[in-house]
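Student: From the sequence below, what's the structure:
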Amino acid sequence: MIRKLVFAIALLLAMPVLARAAPAPVWVVDKAASKIGFASNFGGDPFTGTFKTWDAQIAFDPKSAAGKVVARIQTGSGATGNADRDQALPTPGWFASAKYPTANFEASSFKALGGNRYQAIGVLSIKGVTKPLTLPFTLVITGDTARMTASVAVNRLAFGVGQGEWAASDVIPNPATVTIVLVAHRAK
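Tutor: Predicted coordinates for the structure are as follows:
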């Protein structure tokens, strides 16, 4: 009887250890198939651009909606296809890339919204300013390949992006839209 009682107590004490969730799977981004872009307009004429240099470390389990994401974007790599605009982006009035070479997004909290829809709840840092950001995204996993798409409005002026004559939102609207398409493969 005492042995059964000791065994039962030991089993109860071990349950929290046994019930711990396994670490979230790590995903390796296929940069050739992925892109981080942005969209806005200048005087009513829409334009889009991309950041050519960036990196992301992703650990995410869609079943438990648990994980961590750290993305670093080289702000000086922004390109729109317009020479004047592209030369202006890294200047102090825009991204100040010499002083703040990266924009960073970090999230360690996620929420499942049903279906393939989720939210990453984290912080975005641009030009030394850090603000909370909830990133809604859709995730489709086929085998060991994941495809994530997201679009979020970012208040550029809250981060000091677009100063001086560009601070007025009648010429360049506030917010700007950031779009993300990521293809990633489950790490082996």
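Student: tell me which helix or strand of the protein sits lowest on mean pLDDT?
Tutor: helix 2-19 (a mean of 46; mean pLDDT, DSSP states H and E).
Student: which residue ranges form the strands in the chain?
Tutor: With DSSP state E as the definition, the chain shows strands at residue ranges 26-29, 35-42, 45-51, 54-61, 66-74, 78-79, 102-114, 117-126, 129-142, 145-154, 176-186.
Student: The shortest one pairs with which strands?
Tutor: If you go by DSSP bridges, strand 78-79 pairs up with strand 45-51 (antiparallel).
Student: quick one: average confidence on the strand it pairs with?
Tutor: Within the predicted structure, the mean pLDDT of strand 45-51 is 95.
Student: In that strand, which residues are buried?
Tutor: Applying a neighbour-count criterion of 16 or more other Cβ atoms under 10 Å, one finds Gly49, Phe51 buried in strand 45-51. For every residue, glycine as well, the C-beta is placed using N, CA and C.
Student: who's in contact with it?
Tutor: By Cβ atoms under 8 Å, 6 or more residues apart in numbering, the list of residues contacting strand 45-51 from outside reads 35-41, 73-75, 77-82, 85, 89.
Student: same check, this time on stretch 72-91
Tutor: 36, 38, 42, 47-56, 94-98, 100-105, 126.
Student: Ok, stretch 54-68 next?
Tutor: Looking at what lies outside stretch 54-68 - Cβ under 8 Å, 6+ apart - the contacts are 21-27, 29, 36, 69-74, 77, 106-108, 110-112, 118, 139, 141, 182, 184.
Student: Ok, stretch 109-123 next?
Tutor: Contacts of stretch 109-123 from elsewhere in the structure, counted by Cβ under 8 Å, 6+ apart, are 60, 62, 65-67, 69, 105-108, 130-140.
Student: circling back: write the PyMOL selection for whichever of the contacts of stretch 54-68 are buried.
Tutor: Command for PyMOL that selects the buried part of the contacts of stretch 54-68, burial taken from 16+ other Cβ under 10 Å:
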select buried, resi 24+25+26+27+29+36+69+71+72+73+74+77+106+107+110+118+139+141+182+184
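Student: show me where pLDDT drops low in this protein?
Tutor: Applying pLDDT under 70 to the predicted model, the residue ranges of the chain that meet it are 1-22.
Student: Nearest residue to the middle of it?
Tutor: The structure's the chain has its C-alpha centroid closest to Phe105; by Cα atoms, centre = their mean the separation is 5.2 Å.
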